[in-house]
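A.B. asks: Pasting a predicted model and its sequence here:
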Amino acid sequence: MNRPRRTLPAAAALVLVLAGCGAEQGTPSETDPTPSSAPAGADDGAGSSTDSATVTGPEDAAGTDGAGTGTDGTGDDGGSSAPTSTEGTADDTSSGEDPSTSGGGTDPAYPSDPSAYADALVAAWAAGDTDRVADLAVEEVELATGTWSTDTEWQLERTDNLNPFGDVGQGRWAVYYSHRTQGASMTVTVDGDDLGDGEAVVGVDYYLIAGSADAFDRLGSPVNDYVDTFHQAMIDHDEAVVERLGTQRATDEALAHDPAVAGRLVTDHGFLAFEDEPLHMLFSFPDHQDPSDFTRMLDLDARTAAEGGDDGVLRLNVLTDWRWS
């Protein structure tokens, strides 16, 4: 990446914790195909495309045994064969920027169109081609895609220029997908400065809501093992493990969890990954007794988790879109 590190606005640091309020499960902020890469309705004035470009390939479901198990482990890697990518277009009528020329590279292995670049990432992920994923995406996305499988049944909905969303959106594109059969949604954020070159994918939001998670495998990975261990320690009130794996803030939040009321079973729902930000692992407690049914986020230093280090869990939150506030 040639782009300097971007600092998010100070207001974006305000995150709702479990004791606060947030988006209830099934609300638009959770289910619309406009995850945290941009707020819902981001196409207003930002340029969008409703072309029928798709990520297509042999029909090969990724598996049905890996989600909803929560704290007991992972599923098998059921990634399907590599799809054929059909290049989409981004019709940006507000910025005047041509997405096919915004990047400086000329390597044919790296598309110069944001939709085609996102398609290439999804195709590599679905095929289990981790080397190709690493070529196309920043480390935060590479680590996140190693926690879940995906398949080839994604329909491109639109591609938006993110310039209206401040410094963090400058020169970037959000490519929105919906799943053809599962009700899941995904957003791939592409940095226009790196189109035509490597590591242009700077974010992936992977929403596997309700039963849609059952169609994909939660993969065996050090990151998932770390998350599962923390979840189980939180439910068991195993203070020693919680303190080792979590920061002081995460420890306080985890030990305040009352399994009898808030739930003992964990169902995983995907992730939000973005350059220079924690990895947000989405989960819920299906057996909760609380009247509010929240989707939660476990905020993780993914590199620390992958290496098995201490204090990798940063905090526990409810699902709320804070990076673009």
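C.D. replies: That came through fine. Numbers count the residues shown, from 1 in each chain.

A.B. asks: all helices for the stretch 151-300 of the chain, in order.
C.D. replies: In order along the chain, the stretch 151-300 of the chain carries the following helices (DSSP state H, counting those that start in this stretch): 222-236, 239-245, 248-255, 259-262.

A.B. asks: of all those helices, which lies closest to D276?
C.D. replies: Among the helices of the stretch 151-300 of the chain, helix 222-236 comes nearest to D276, with 17.4 Å by Cβ to Cβ. All C-beta spots, glycine's among them, are computed from the backbone N, C-alpha and C.

A.B. asks: what comes into contact with that closest one?
C.D. replies: 70-74, 143, 146-147, 218, 238, 241-242, 245-246, 250, 254-255, 257, 259, 264, 266, 279, 281, 283, 298, 300, 302, 305-308, 312-313 (Cβ atoms under 8 Å, 6 or more residues apart in numbering).

A.B. asks: for this structure, what are the low-confidence residue spans?
C.D. replies: For the chain, applying pLDDT under 70 flags the ranges 1-106, 210, 288-293, 319-325.

A.B. asks: Which parts of it are strands?
C.D. replies: 54-56, 84-85, 154-161, 172-179, 185-191, 201-207, 267-274, 279-284, 296-300, 313-318 (DSSP state E).

A.B. asks: got those as CSV, with mean neighbour count columns?
C.D. replies: Formatted as CSV, these follow (neighbours: other Cβ atoms under 10 Å):
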stretch, mean neighbour count
strand 54-56, 22
strand 84-85, 18
strand 154-161, 26
strand 172-179, 26
strand 185-191, 27
strand 201-207, 27
strand 267-274, 26
strand 279-284, 24
strand 296-300, 25
strand 313-318, 23
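
A.B. asks: now these as CSV including distance to Q232?
C.D. replies: Putting these into CSV (distance: least, Cβ to Cβ, whole Å) gives the following:
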stretch, distance to Q232
strand 54-56, 35
strand 84-85, 39
strand 154-161, 32
strand 172-179, 30
strand 185-191, 28
strand 201-207, 23
strand 267-274, 13
strand 279-284, 12
strand 296-300, 12
strand 313-318, 13
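
A.B. asks: so which of those gets nearest V122?
C.D. replies: Here strand 54-56 is closest among the strands of the chain (Cβ to Cβ), at 4.8 Å.

A.B. asks: still on that earlier bit, okay, the helices of the stretch 151-300 of the chain, which one's buried deepest?
C.D. replies: Across the helices of the stretch 151-300 of the chain, averaging neighbours per residue (mean count of other Cβ atoms under 10 Å) puts helix 222-236 on top, at a mean of 21.

A.B. asks: That one vs strand 296-300, what angle?
C.D. replies: Helix 222-236 runs at 120 degrees relative to strand 296-300, counting by axes from the mean of the first three to the mean of the last three Cα atoms, to 10 degrees.

A.B. asks: okay, the angle between helix 222-236 and helix 248-255?
C.D. replies: Using the same axes, to 10 degrees: helix 222-236 against helix 248-255 is 50 degrees.

A.B. asks: Using CSV, list the CA coordinates for stretch 118-137.
C.D. replies: Output in CSV follows, covering the C-alpha atoms of stretch 118-137 (Å, rounded to 0.1, in the frame of the first residue of the first chain):
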residue,chain,number,x,y,z
ALA,A,118,-13.8,-6.8,-5.8
ASP,A,119,-14.9,-9.7,-8.0
ALA,A,120,-11.4,-11.0,-8.2
LEU,A,121,-11.1,-10.9,-4.4
VAL,A,122,-14.4,-12.7,-3.9
ALA,A,123,-13.4,-15.3,-6.5
ALA,A,124,-10.0,-16.0,-4.8
TRP,A,125,-11.7,-16.2,-1.4
ALA,A,126,-14.4,-18.7,-2.7
ALA,A,127,-11.7,-20.8,-4.3
GLY,A,128,-9.6,-20.9,-1.1
ASP,A,129,-6.7,-19.3,-2.9
THR,A,130,-5.1,-17.6,0.1
ASP,A,131,-2.0,-16.5,-1.8
ARG,A,132,-4.2,-14.6,-4.3
VAL,A,133,-6.3,-13.1,-1.4
ALA,A,134,-3.0,-11.8,0.1
ASP,A,135,-2.0,-10.3,-3.2
LEU,A,136,-5.3,-8.4,-3.5
ALA,A,137,-6.0,-7.3,0.0
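
A.B. asks: about what we covered before: quick one, which of the strands of the chain is nearest to A137?
C.D. replies: Closest approach to A137 among the strands of the chain (Cβ to Cβ): strand 201-207, 3.9 Å.

A.B. asks: what packs against that closest one?
C.D. replies: In terms of contacts (3 or more Cβ pairs under 8 Å, 6 or more residues apart in numbering; DSSP states H and E), strand 201-207 is packed against helix 114-127, helix 139-145, strand 185-191, strand 267-274.

A.B. asks: about what we covered before: now render the helices of the stretch 151-300 of the chain as a markdown table, adding distance to D107.
C.D. replies: A markdown table is the format used below for the helices of the stretch 151-300 of the chain (distance: least, Cβ to Cβ, whole Å):
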| stretch | distance to D107 |
| --- | --- |
| helix 222-236 | 30 |
| helix 239-245 | 40 |
| helix 248-255 | 41 |
| helix 259-262 | 50 |
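
A.B. asks: surely V201 meets G192?
C.D. replies: No - using Cβ atoms under 8 Å, V201 is not in contact with G192; the gap is 11.7 Å.
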